[in-house]
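Engineer: Mind folding the following:
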Amino acid sequence: MRTPLLAVALLAAPLAAQTAHNSNAPIDFGADHIELQDKANRGVLSGNVSVRQAEMTLNSARMTVSYTGQVVGGSPQVSRIDASGGVTVRRPDQTAKSQYAIYDLNRRVITMLGAVTLTQGGNTVNGGRLTINLDTGRAVVDGNSVRGSSGAAPGSTTTTAPSGRVTGTFSVPKRD
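Structural biologist: Residues are numbered from 1 along each chain as shown. Predicted structure coming up:
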C-alpha cells in the first residue's frame, strides 16, 4: 500500500507549488448549443463546450451550469459546473482528463471521475477519481471513482485496475 501513497505524495508536492486559482474571475464559455432553464437556475451547454476561468480551461461534450438565482452586476452567480463526455481540465503545467467532472465554485474544488489521467511534465498518474483543491493546488488521486468499479470507460485507453490501485509513471533526470 505504500506505492500509491508515495505516488500521490510525489505528485502532490510539485502541485502545491502552483499559485492558487482565481475562482472569483469571470467564467467565459463557448459551445455549439445552449439551453437556458431559468426556472431551474441552470444552463445546459452542448457540443465542443469550452469554459475558461483565469488560467484554467475546462472542455467537454456537455456541461450543466447551475447558478444561485442571485444576480450581481447583471450576471447570475454560478455555483457549480457538471461536465461529461471527454472532460479535460488544463492549468499551467498540468492536464487532467476523465469522463465526468464537477466544479464546485463555492468550495473551489474540482472532482473528476472515471478513467482519470493527471499529467504534469513527464509525470502521469491514473486512477478512478481525482480531487483538485484550487486554493492549495493539492491533487489527490484514488483508485476507484465508485467503490467496486473497474475496467476502462467505453472508448478509453486508460484503465483503473480491478483492485482500485493508482498507477503511473514518474520521469527521472537524464544522467550521463
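
Engineer: can you tell me which residues contact residue 83?
Structural biologist: 49, 58, 60, 62-63, 100-103 (Cβ atoms under 8 Å, 6 or more residues apart in numbering). In this view, the C-beta of every residue, glycine as well, is placed from N, C-alpha and C.

Engineer: Tell me what it is bridged to.
Structural biologist: In this structure, residue 83 has beta-bridge partners residue 63, residue 101, where bridges are defined by DSSP bridges.

Engineer: Tell me how far it lies from residue 132.
Structural biologist: Relative to residue 132, residue 83 is positioned 13 Å away (Cβ to Cβ, to the nearest Å).

Engineer: Could you identify which of the contacts of residue 83 has the most neighbours?
Structural biologist: Among the contacts of residue 83, the one with the most neighbours (other Cβ atoms under 10 Å) is residue 103, at 27 neighbours.

Engineer: Could you measure from it over to residue 63?
Structural biologist: 9 Å.

Engineer: which neighbours do these two share?
Structural biologist: By Cβ under 8 Å, 6+ apart, residue 103 and residue 63 have these common neighbours: 81, 83.
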